[in-house]
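Asker: Structural data only, the sequence is not supplied:
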């Protein structure tokens with residue numbers, strides 16, 4: 001289904017920061033460095049892995065495929081091996097239950113309206129732990145719906161690691177945003193995209209950060225105890241198109257994570273610290289967020305859209321607004337406090353996980369160390 005959008009240049013609102021790009025270093029580089037591993041959290045059928053397999057073959061690096069739902073580790077491994085790629089394919093159902101820690105933020109949201117069933121965070125955390133155990137120093141997280149027109153862009157991104165904790169790539173094709181921000185753009189709003197886990201180079205110094213089980217988990221990975229860790233953007237990838245308004249439950253499930261992450265970004269945009277995110281801040285930010293959602297709905301109503309598209313957008317925005325109304329400032333404060341505690345829990349786990357000595361990569365030993373040797377397809 002196509003949407004007929006009248007683009008309005010420079011449309012903005014006082015209740016939403018449409019871009020956080022000033023927080024990033026925008027880099028152009030010709031230096032291409034070695035990629036140790038490409039890590040793909042995948043839930044789609046293995047046919048979607050063609051781009052990642054081709055990239056791993058080009059860079060002569062290990063491809064890690066973390067599989068669930070419609071993706072099978074056995075079939076994924078077979079496809080990668082046929083292309084001559086060194087591969088580790090793991091079904092998430094086979095990962096030892098005690099390998100990843102039980103986070104306080106996950107417990108806080110479990111069993112209620114804010115529970116997030118997606119396992120993307122667990123997959124990325126497993127990828128970090130595997131990188132630590134094997135001795136990899138420069139990895140790239142890549143989603144299974146991302147294509148990289150210039151494969152050297154991955155090498156250029158990892159070449160900036162060291163100076164920067166993480167380096168993302170510009171998402172072209174379909175924008176990488178929440179449902180609410182997609183609706184804002186489609187109704188004429190001037191909406192940017194930030195870097196994210198869909199195409200993100202990560203260095204060894206960042207393995208001690210983790211992905212919480214919430215929407216925008218990749219933004220929380222980029223944060224440290226004070227704000228955003230030094231991060232950059234370079235290169236270009238293509239995001240496959242999807243329909244963000246297909247099911248209003250998507251917007252509902254995103255709302256808490258979008259509110260929290262945008263709130264933290266709001267602080268940093270205004271040169272404030274995470275310590276400023278007290279109850280008063282969250283009460284004010286929640287008011288802003290609700291006004292923003294109301295403004296977007298008003299703009300959608302007046303935008304030149306096909307009626308069925310407008311209807312689905314409105315339903316999604318209503319779902320986001322309804323979920324936002326049950327978010328209390330105290331919950332935001334509690335989540336952030338527990339997230340800080342979880343960061344310490346994860347750091348302790350990473351530092352307890354030994355890396356191979358003498359800076360030698362030892363993939364097989366790393367798999368044994370994590371108890372994955374018998375549960376992976378290699």
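Answerer: Noted; the coordinates are in hand. Just so you know, these numbers come straight off a predicted model, no measurement behind them. Residues are numbered from 1 along each chain as shown.

Asker: Now the residue lying closest to residue 320 once chain neighbours are set aside, what are its backbone angles?
Answerer: Nearest residue to residue 320, sequence neighbours excluded (CB to CB, 6 or more residues apart in numbering): residue 251, at 4.2 Å. C-beta: built from backbone N, CA, C; applies to glycine. The phi/psi pair for residue 251 (degrees, to the nearest 10) reads phi -60, psi -40.

Asker: again with the one 3 residues further on
Answerer: Per-residue torsions, residue 254: phi -80, psi -20 (degrees, to the nearest 10).

Asker: which non-adjacent residue is nearest it?
Answerer: Using CB to CB, 6+ apart, the closest residue to residue 254 is residue 215 (4.3 Å).

Asker: is it fair to say that neighbour lies in a helix?
Answerer: No. Under the criterion used here (DSSP: H, G, I helix; E, B strand; the rest coil), residue 215 is coil, not part of a helix.

Asker: I figured residue 128 hits residue 210, correct?
Answerer: Yes. At 7.0 Å, residue 128 counts as touching residue 210 under the criterion of CB atoms under 8 Å.

Asker: quick revisit: read off the pLDDT value for the residue nearest to residue 320.
Answerer: pLDDT, the model's per-residue confidence, is 97 for residue 251.

Asker: how near is it to residue 189?
Answerer: 16 Å (CB to CB, to the nearest Å).

Asker: more neighbours, the two?
Answerer: residue 251 (27 against 22; other CB atoms under 10 Å).

Asker: so that one sits right up against residue 179, yeah?
Answerer: Yes. Using CB under 8 Å, residue 251 makes contact with residue 179 at a distance of 3.8 Å.

Asker: can you pull out the helices in the stretch 151-300 of the chain?
Answerer: For the stretch 151-300 of the chain, applying DSSP state H, counting those that start in this stretch gives helices covering 152-159, 179-186, 217-222, 248-269, 279-302.

Asker: Can you give me the buried ones in the third one?
Answerer: Which is helix 217-222. 217, 218, 219, 220, 221, 222 (16 or more other CB atoms under 10 Å).

Asker: Also the longest one?
Answerer: Of the residues in helix 279-302, those buried under the neighbour-count criterion (16+ other CB under 10 Å) are 281-282, 285-286, 288-290, 292-293, 295-297, 299-300.

Asker: what helices or strands is the helix or strand following that helix leaning on?
Answerer: The first helix or strand that comes after helix 279-302 along the chain, using DSSP states H and E, is helix 307-324. Helix 307-324 sits against helix 179-186, helix 248-269, helix 279-302, with contacts defined as 3 or more CB pairs under 8 Å, 6 or more residues apart in numbering; DSSP states H and E.

Asker: Now do the first one: distance to the chain's middle.
Answerer: On the basis of CA atoms, centre = their mean, to the nearest Å, helix 179-186 is displaced by 18 Å from the centre of the chain it belongs to.

Asker: and that helix, average pLDDT?
Answerer: On average, helix 179-186 scores 96.

Asker: quick check: angle from that helix to helix 279-302?
Answerer: Relative orientation of helix 179-186 versus helix 279-302 (axes from the mean of the first three to the mean of the last three CA atoms, to 10 degrees): 50 degrees.

Asker: Please list the outside residues in contact with helix 179-186.
Answerer: With CB atoms under 8 Å, 6 or more residues apart in numbering as the contact definition, helix 179-186 has outside contacts at 3, 5, 16, 18, 175, 177, 191, 244-245, 250-251, 254-255, 258, 292-293, 296, 299-300, 303, 305, 313, 316-317, 320.

Asker: I figured residue 143 was touching residue 199, is that so?
Answerer: Yes. Between residue 143 and residue 199 there is a contact at 7.2 Å, judged by CB under 8 Å.

Asker: more neighbours, the two?
Answerer: residue 199 (28 against 23).

Asker: So what sits opposite the more buried one in the bridge?
Answerer: Per DSSP bridges, the residues bridged to residue 199 are residue 142.

Asker: Distance check, it against residue 22.
Answerer: For residue 199, the distance to residue 22 - CB to CB - is 20 Å.

Asker: And for residue 282?
Answerer: For residue 282 relative to residue 22 (CB to CB), the value is 23 Å.

Asker: quick revisit: ok, of the buried residues of helix 279-302, which one's closest to residue 119?
Answerer: Using CB to CB, the shortest approach to residue 119 within these belongs to residue 289, at 26.8 Å.

Asker: how near is the residue lying closest to that closest one once chain neighbours are set aside to residue 177?
Answerer: Nearest residue to residue 289 in three dimensions, chain neighbours excluded: residue 259, at 5.5 Å (CB to CB, 6+ apart). Distance from residue 259 to residue 177, counting by CB to CB: 14 Å.

Asker: Same drill for these two, tell me which one is more crowded.
Answerer: Between residue 259 and residue 177, counted using other CB under 10 Å, residue 259 has the larger neighbour count: 27 against 21.

Asker: okay but that one is in contact with residue 324, surely?
Answerer: Yes. Residue 259 lies in contact with residue 324 (CB under 8 Å); the separation is 6.4 Å.

Asker: for stretch 181-191, the distance to its chain's centre please.
Answerer: For stretch 181-191, the distance to the chain centre is 20 Å (CA atoms, centre = their mean).

Asker: Quick check: buried residues in it?
Answerer: So, applying 16+ other CB under 10 Å, buried residues of stretch 181-191: 181, 182, 183, 184, 185, 186, 187, 188, 189, 191.
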